[in-house]
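Peer 1: Here you go, sequence then predicted model.
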Amino acid sequence: MTYKPSEEQRKIIDSGDPVLLVCGGAGTGKTTTAAAAVRAHLERVDRERAAAVSGRGRLPVARALFLSFSRSSVAQILDRTADVLGPYLSRIEITTFHAFAWRLLIRWGGVIGLADPQMLTDAEAKLFRAEDTLRYRDMMPRALDLCAVPAVREHLQGRWSIIVSDEFQDTDDCQFDLLSSIRGAARLLLLGDPNQCIYSDLPDAVGVGPQRLDAAMAMPAARRIDLPDVSHRDPSNILPAAAAAIRRREFEHDAVRAALDSGRLLVRAGLPLDREADVVAEVVQNLREEGATVGVFSHHVDATTGLSDQLTQRVIDHEIVGLPECLTAALEAQHAMLRFAARAEEWELVRQQLAVFVASSVRGKNAPDLAWMLLGRRAMPATLDRRLTELRDALLADQIGDAAQRAAAAHTALGLPQGEKHWQNAAQLLEPLVARASRRHADPAEALEHLAAAISDHRAGLLTHVVGEPAASVQLMGLYQTKGREADATIVVLRSSDFYGFERYEPFVNSSKLLYVVLSRARRRTVVLLFGDNPQPLVAPLIKLAS
Ligand SMILES: Nc1ncnc2c1ncn2[C@@H]1O[C@H](COP(=O)(O)OP(=O)(O)OP(=O)(O)O)[C@@H](O)[C@H]1O
């Protein structure tokens, strides 16, 4: 649908408020309208600056910063706003908080004693103790330390004329402090929906909650505009109204009934846990036959990677989004194999990287046994030992091109239990990088160094969620990654064994917001699949809606 702003959206676009908080339900057009507002702002500043200098020299062009949470949101923002932004797209930095922080640390880290910062993933942190590396969760606080340095702060404060913070309701204390300290004289456009605040119970999110919107309004000259509850995602408004009623725990509300009667909402309950992949695959196939793009939402990293492995076996083309650690680890493990084949690295490193990959494809505080076996800290079964030896000997006999193919096939050759899709995706990412390095450098040692640098950049991009995700008609993701996303149809997979936080009793004020987010992502249809006989209390009332 072409974007034609409504009256309320127009007020946002035309506003010049120093701090504007825009609130509205799912799909009411906050993100798209913010893009239009940024463009209008830049146009205005251009005009003012042109008039001010009136032919005497030129002032630097005004720029905008658009901060979000996940690379999937960044990709979607780009996708949805490119038309609205037009030629102004090149003057807007659209990035995630973590990518922003990482860039600051790369550029100025030396000022706070981080001259060459290395980023440690959670899986790496489970396996190795590393004192002077930066954990993912340390990135924002360290960036904030940098912003306290006057020269850095002054530089940042002069850089943007307007800053947008998407999903503002979920910003934590650190992110809010960062926004405040880089702002300078920039206008702030803060987009929020209190009903989509889903990070408040996450372990690393300090200070996430309703008070954030109050803090915005406490800023000098702040104004708030509320968009009317009209979804532009599903203009029939049937799905958003049902999602809102379910968030309020009104499962018998007319809006829910209307969604079921219209066929836009479909609920199936009591499905057998051991047939999950078959059922999901069948629903995906039916929706694809209708020509719909499909988002499959399941609970966490194990569930998503497990489901992905099974869809891969059933030859259902799809992509996983939002689980960059596993992809990065697969990329690094295959890279280590190439370096080993070229005699540039020890076999030890290959085993270490395989251990990181295995640890990153499962949840939990501790790494799985298999990871420790790969590190040589626990005895391994004879089959795995033999397969590893065969892989090592074969790599030693390979040329670089053959080694890349062997690395791509290593997941199967070793019989690794999880993360096959990530392994395949990593092989696809690696292939052009290897080709480019070999093309540019005749000397194999130089080609290897070029490749190592390219992979290191890619790793940072993936881990800070800034590298775009592959477009695909079927996308799998965790429930917490669904914010800001949309697809023609969505499949919500809920299992009896899922954990939805510490709330135990009605009215599930916080966890119901997660349900609202996941149920409001579809343009045309949402299929809810409840697996197992004993659903969690949060989702149990959905059983009554099953057809
Ligand atoms: N005035 C409009 N005319 C046509 N389409 C619109 C309009 N406003 C928004 N849309 C479309 O509606 C969809 C939802 O908009 P957008 O993502 O901006 O909403 P949002 O409020 O940010 O949603 P959410 O909070 O669920 O992430 C997008 O596909 C967008 O292009």
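Peer 2: Sure, I can see it. Numbers count the residues shown, from 1 in each chain.

Peer 1: can you pull out the strands in the stretch 51-200 of the chain?
Peer 2: Counting by DSSP state E, counting those that start in this stretch, the stretch 51-200 of the chain has strands at residues 64-68, 92-96, 119-120, 134-135, 162-165, 187-192.

Peer 1: neighbouring contacts of the longest helix belonging to the chain?
Peer 2: Determined from DSSP state H, the single longest helix within the chain is helix 30-53. Residues outside helix 30-53 that contact it (Cβ atoms under 8 Å, 6 or more residues apart in numbering): 3, 5, 9, 12-16, 22-24, 59, 61-62, 64, 66, 76-77, 80-81, 84-86, 88, 91-92, 161-162, 164, 166, 187, 189, 191-193, 227, 232, 484. C-beta: built from backbone N, CA, C; applies to glycine.

Peer 1: and that helix with strand 64-68, angle?
Peer 2: Between the axes of helix 30-53 and strand 64-68, defined by axes from the mean of the first three to the mean of the last three Cα atoms, to 10 degrees, the angle is 160 degrees.

Peer 1: returning to what we had before: between the strands of the stretch 51-200 of the chain, which one is nearest to the ligand?
Peer 2: strand 187-192 (6.6 Å; Cβ to the nearest ligand atom).

Peer 1: Tell me the helix or strand right after the closest one.
Peer 2: Remark: after strand 187-192, the chain's next helix or strand is helix 211-217, criterion DSSP states H and E.

Peer 1: what's the average pLDDT for that following helix?
Peer 2: Helix 211-217 shows an average pLDDT of 95 in the prediction.

Peer 1: Also stretch 80-100?
Peer 2: For stretch 80-100, the mean pLDDT works out to 86.

Peer 1: Show me what counts as buried in it.
Peer 2: Neighbour-count burial for stretch 80-100, counted by 16 or more other Cβ atoms under 10 Å, picks out 80-81, 84-85, 88-89, 91-100.

Peer 1: Straight-line length of that stretch, end to end?
Peer 2: This stretch, stretch 80-100, spans 21 Å end to end (Cα to Cα, to the nearest Å).

Peer 1: got it, and stretch 240-258?
Peer 2: End-to-end distance for stretch 240-258: 11 Å, by Cα to Cα.

Peer 1: And the contacts of it?
Peer 2: Residues from elsewhere that reach stretch 240-258 (Cβ under 8 Å, 6+ apart): 25-27, 195, 229, 231, 233-234, 238, 259-260, 264-265, 506-508, 512-513, 515-516, 519-520, 541-542, 544-545.

Peer 1: likewise stretch 175-183?
Peer 2: 65, 67, 97, 100-101, 140, 143-144, 147-148, 153, 156-157, 159-160, 163, 165, 171, 188, 207, 212, 215.

Peer 1: Arg378: how many residues sit nearby?
Peer 2: For Arg378, the neighbour count with other Cβ atoms under 10 Å is 11.

Peer 1: what do you get for Ile543?
Peer 2: A count of nearby residues for Ile543, using other Cβ under 10 Å, gives 15.

Peer 1: if I read this right, it contacts Pro537, doesn't it?
Peer 2: No - with contact defined as Cβ atoms under 8 Å, Ile543 and Pro537 do not form a contacting pair (11.3 Å).

Peer 1: Just list the residues touching the residue of the stretch 151-300 of the chain found nearest the ligand, thanks.
Peer 2: Residue nearest to the ligand within the stretch 151-300 of the chain: His232 (3.2 Å; Cβ to the nearest ligand atom). Counting by Cβ under 8 Å, 6+ apart, His232 makes contact with Met1, Gly27, Thr28, Gly29, Thr32.

Peer 1: Kindly indicate whether it is helix, strand or coil.
Peer 2: Under DSSP: H, G, I helix; E, B strand; the rest coil, the three-state class of His232 is coil.

Peer 1: What is the neighbour count of Ala258?
Peer 2: 18.

Peer 1: Then Asp278?
Peer 2: 13.

Peer 1: Three-state assignment for it, please.
Peer 2: Three-state call for Asp278 (three-state DSSP): helix.

Peer 1: contacting residues for it?
Peer 2: Taking Cβ under 8 Å, 6+ apart, one finds Arg314 in contact with Asp278.

Peer 1: distance of it from Thr293?
Peer 2: 22 Å (Cβ to Cβ, to the nearest Å).

Peer 1: Show me what counts as buried in the helix or strand containing Gly401.
Peer 2: Gly401 is part of helix 400-414, with elements assigned from DSSP H and E. For helix 400-414, burial by neighbour count (16+ other Cβ under 10 Å) applies to Ile400, Ala403, Ala404, Arg406, Ala407, Ala408, Ala410, His411, Leu414.

Peer 1: Let's have those in CSV, adding distance to the ligand and pLDDT.
Peer 2: Output for the buried residues of helix 400-414, formatted as CSV (distance: Cβ to the nearest ligand atom, whole Å; pLDDT from 0 to 100):
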residue, distance to the ligand, pLDDT
Ile400, 44, 72
Ala403, 43, 92
Ala404, 39, 91
Arg406, 43, 96
Ala407, 38, 96
Ala408, 36, 95
Ala410, 39, 97
His411, 35, 97
Leu414, 40, 97
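
Peer 1: separation between Ala427 and Phe340?
Peer 2: Computed with Cβ to Cβ, the distance linking Ala427 and Phe340 is 16 Å.

Peer 1: can you check Arg257 too?
Peer 2: Relative to Phe340, Arg257 is positioned 61 Å away (criterion: Cβ to Cβ).

Peer 1: In a helix, Thr2, correct?
Peer 2: No - according to three-state DSSP, Thr2 belongs to no helix; its state is coil.

Peer 1: Could you check how many residues crowd around it?
Peer 2: Neighbour number of Thr2 under other Cβ under 10 Å is 5.

Peer 1: who touches it in this structure?
Peer 2: The contact partners of Thr2, taken as Cβ under 8 Å, 6+ apart, are Asp83.

Peer 1: next one: the helix or strand where Gln428 lies to chain centre, how far?
Peer 2: Assigned by DSSP H and E, Gln428 belongs to helix 420-440. When C-alpha coordinates are averaged (Cα atoms, centre = their mean, to the nearest Å), helix 420-440 and its chain have centres 22 Å apart.

Peer 1: How about exporting it as PDB, limited to the C-alpha atoms?
Peer 2: What follows is helix 420-440, C-alpha atoms only, in PDB (Å, rounded to 0.1, in the frame of the first residue of the first chain):
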ATOM      1  CA  GLU A 420      22.300 -27.200  10.400                       C
ATOM      2  CA  LYS A 421      20.600 -24.200   8.800                       C
ATOM      3  CA  HIS A 422      23.100 -21.800  10.400                       C
ATOM      4  CA  TRP A 423      25.900 -24.000   9.200                       C
ATOM      5  CA  GLN A 424      24.600 -23.900   5.600                       C
ATOM      6  CA  ASN A 425      24.000 -20.100   5.800                       C
ATOM      7  CA  ALA A 426      27.500 -19.600   7.000                       C
ATOM      8  CA  ALA A 427      28.900 -21.700   4.100                       C
ATOM      9  CA  GLN A 428      26.900 -19.500   1.700                       C
ATOM     10  CA  LEU A 429      28.300 -16.400   3.400                       C
ATOM     11  CA  LEU A 430      31.900 -17.700   3.300                       C
ATOM     12  CA  GLU A 431      31.900 -18.700  -0.400                       C
ATOM     13  CA  PRO A 432      31.900 -15.200  -1.900                       C
ATOM     14  CA  LEU A 433      34.400 -14.000   0.800                       C
ATOM     15  CA  VAL A 434      36.800 -16.800  -0.100                       C
ATOM     16  CA  ALA A 435      36.400 -16.100  -3.800                       C
ATOM     17  CA  ARG A 436      37.000 -12.400  -3.400                       C
ATOM     18  CA  ALA A 437      40.100 -12.900  -1.200                       C
ATOM     19  CA  SER A 438      41.600 -15.300  -3.800                       C
ATOM     20  CA  ARG A 439      40.700 -13.000  -6.700                       C
ATOM     21  CA  ARG A 440      42.400 -10.000  -5.100                       C
END
